[in-house]
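Novice: predicted model follows, preceded by the sequence.
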Amino acid sequence: MPENSLPFVIIPVFAVVFGLFWSFIVFVVAHIGGWARLAKAYPATGKPEGRSWNWRSMRIGLFFNYRNSVNVTLSDAGLYMRPILLFRIGHKPILLPWKAISDAQRRDLWFATTITLAVPLTGNGNERRLSFYGKTFVEAMEGHLKRNGNALHR
């Protein structure tokens, strides 16, 4: 094989290997981090009508951060979440009904406003904690929580 044709082989092979590696990592994060269990407990059949925020940051538990990579819609049906295209492998959309949120806590830090939701996983007594960031989003979330009778703490 001539030396000048080597890049034409290496570049496509690298792209395929990188794509497979990325897909594997994203799939594993969905299952270890808890997204897959939430999606199984609260599956979304379609995106509901409501106010949407794109490229939101959220955290599941203590270790799994989705920084600027989740599209979120607040609707009368509940909290709809779906990652951006690059993170969708293994991440089915979630529609979390307002009645499923067992607790909500707002924190105003000097650099950020956050809201943390406690969400029980059906049947096993466990729960997941979801944290969202951004003052306007947190205020809109509080409005939906209050309208639906959820407990909200500061």
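Specialist: On my side now, so go ahead. Residues are numbered from 1 along each chain as shown.

Novice: sheet-wise, list the partners of the helix or strand hosting residue 70 with their directions.
Specialist: Of the helices and strands defined by DSSP states H and E, residue 70 is found in strand 64-74. Strand 64-74 pairs in its sheet with strand 51-60 (antiparallel), strand 79-83 (antiparallel), by DSSP bridges.

Novice: and residue 84, what does it touch?
Specialist: 54-55, 69-71 (Cβ atoms under 8 Å, 6 or more residues apart in numbering). (Each C-beta comes from the backbone N, C-alpha and C, glycine too.)

Novice: do I have it right that residue 51 meets residue 76?
Specialist: No. Applying Cβ atoms under 8 Å as the test, residue 51 and residue 76 come out as separate, 10.8 Å apart.

Novice: intersection of neighbour lists for those two?
Specialist: A shared contact of residue 51 and residue 76, defined by Cβ under 8 Å, 6+ apart, is any residue touching both; here there are none.
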